[in-house]
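Participant: Predicted structure and sequence below. I'll ask about it afterward.
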Amino acid sequence: MQGTTSKTITLTHVHGLGYSGDGQRILIPSHLGLKVYSQGKWSDGQGEKHDYMGFTTVDNGFYSSGHPAQGSNKRNPFGIVKSSDEGKSFEILDLYGKIDFHLMSASYKTHTIYAVNPEPNSRLTTTGLYYSKDDAKTWNKSEMTGIDVELSELTSLAVHPTDDSIVAVGTTKALYVSKDSGNQFEKIADLQVTSLTFGMEGNIIVGSYKQKGVIYQMDLQQKQLVEVNIPDLVEDAASYIAQNPTNTKELVFATFNLDVYISLDEGMNWRKIADKGKGV
């Protein structure tokens, strides 16, 4: 892939994190377009340098919301779009030019989309959690029973990779899981959730802050938080986490201070691949 070398890659913000379907490339949406990390090198992603938000990778591409690049003829905001060529182009799905979804996720295999709607509109008439099983052609409203906080306190959203009726929500105080498409949630841990994803085998991987940044894994059957060995995150925490879909031992996470770390052995050893937003 053609692109800028590591020396000049800058992450001005990080708005998501995921792997290409073949597990060969890490895709990071930044304020100034997609950045790609592959085989030890950074490059700019293909296509216009859009400001993708609510970014989530699936087995054949990614779904996103966000805003167009400066000088682009695309409408602002994006609503919901899907790309099957890593951002070279995208397909407009819904609410184009109307809504920017910051909290959005999709099931890796089934592509069911979940989104937290921030304001009523012509398609989603109230605020709250919605899901679509047909690429945003039709929507269902989730009841969200069991979560007693304001939408503004939701920090993260993740969908099970194969069972799209299982959805997890993180807040500033707790982790919740629903097994019926977001209608009824159960609180499964008291912690400040800073990031959230599902591993390929259906385990939850959750970032938190407790005197310092921490990452836990949780098996949904056991419901026990198991701490992952990570570098010391002083006054910092994981903002996004992803697991390689073709090699579950490989993990990557980004932090609020724009550091990015990768492990090839389930967290035993880590290598810093971005330092304060600068590609290493």
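Facilitator: Arrived safely, thanks for sending.

Participant: Helix or strand: which one has residue 170?
Facilitator: Using DSSP states H and E, residue 170 falls within strand 167-171.

Participant: Can you name the residues in contact with that strand?
Facilitator: 105, 114, 129, 131, 142, 147, 149, 153-160, 175-178, 181-182, 185, 193-196, 198, 204, 206 (Cβ atoms under 8 Å, 6 or more residues apart in numbering). C-beta here means a position set from N, CA and C on the backbone, and glycine is covered the same way.

Participant: as a whole number, average confidence for stretch 208-223?
Facilitator: In this model, stretch 208-223 has a mean pLDDT of 97.

Participant: Flag every buried residue along that stretch.
Facilitator: Residues of stretch 208-223 classed as buried: 208, 209, 213, 214, 215, 216, 217, 218, 220 (neighbour count, 16 or more other Cβ atoms under 10 Å).

Participant: could you dump those residues to JSON lines with secondary structure and distance to residue 76?
Facilitator: As requested, those are arranged in JSON lines below (DSSP: H, G, I helix; E, B strand; the rest coil; distance: Cβ to Cβ, whole Å):
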{"residue": "208", "secondary structure": "strand", "distance to residue 76": "34"}
{"residue": "209", "secondary structure": "strand", "distance to residue 76": "33"}
{"residue": "213", "secondary structure": "strand", "distance to residue 76": "33"}
{"residue": "214", "secondary structure": "strand", "distance to residue 76": "37"}
{"residue": "215", "secondary structure": "strand", "distance to residue 76": "34"}
{"residue": "216", "secondary structure": "strand", "distance to residue 76": "37"}
{"residue": "217", "secondary structure": "strand", "distance to residue 76": "38"}
{"residue": "218", "secondary structure": "strand", "distance to residue 76": "38"}
{"residue": "220", "secondary structure": "coil", "distance to residue 76": "38"}
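
Participant: List just the nearest of the residues you listed to residue 233.
Facilitator: The shortest approach to residue 233 among these belongs to residue 213, at 2.9 Å (Cβ to Cβ).

Participant: so who does the closest one touch?
Facilitator: Residue 213 makes contact with 194, 207, 230, 233, 236, 237, 238, 255, according to Cβ under 8 Å, 6+ apart.

Participant: out of those residues, what pair is the most spread apart?
Facilitator: Maximum pairwise distance among these (Cβ to Cβ): 12.5 Å, between 194 and 230.

Participant: quick one: common contacting residues for these two?
Facilitator: Contacts common to residue 194 and residue 230, judged by Cβ under 8 Å, 6+ apart, are 213, 238.

Participant: thinking residue 262 is in contact with residue 250, fair?
Facilitator: Yes - with contact defined as Cβ atoms under 8 Å, residue 262 reaches residue 250; the gap is 7.2 Å.

Participant: out of residue 194 and residue 230, which sits in the more crowded spot?
Facilitator: With neighbours defined as other Cβ atoms under 10 Å, residue 194 and residue 230 compare such that residue 194 has more, 25 against 19.

Participant: So that one, which state does it fall into?
Facilitator: Under DSSP: H, G, I helix; E, B strand; the rest coil, residue 194 falls in the strand class.
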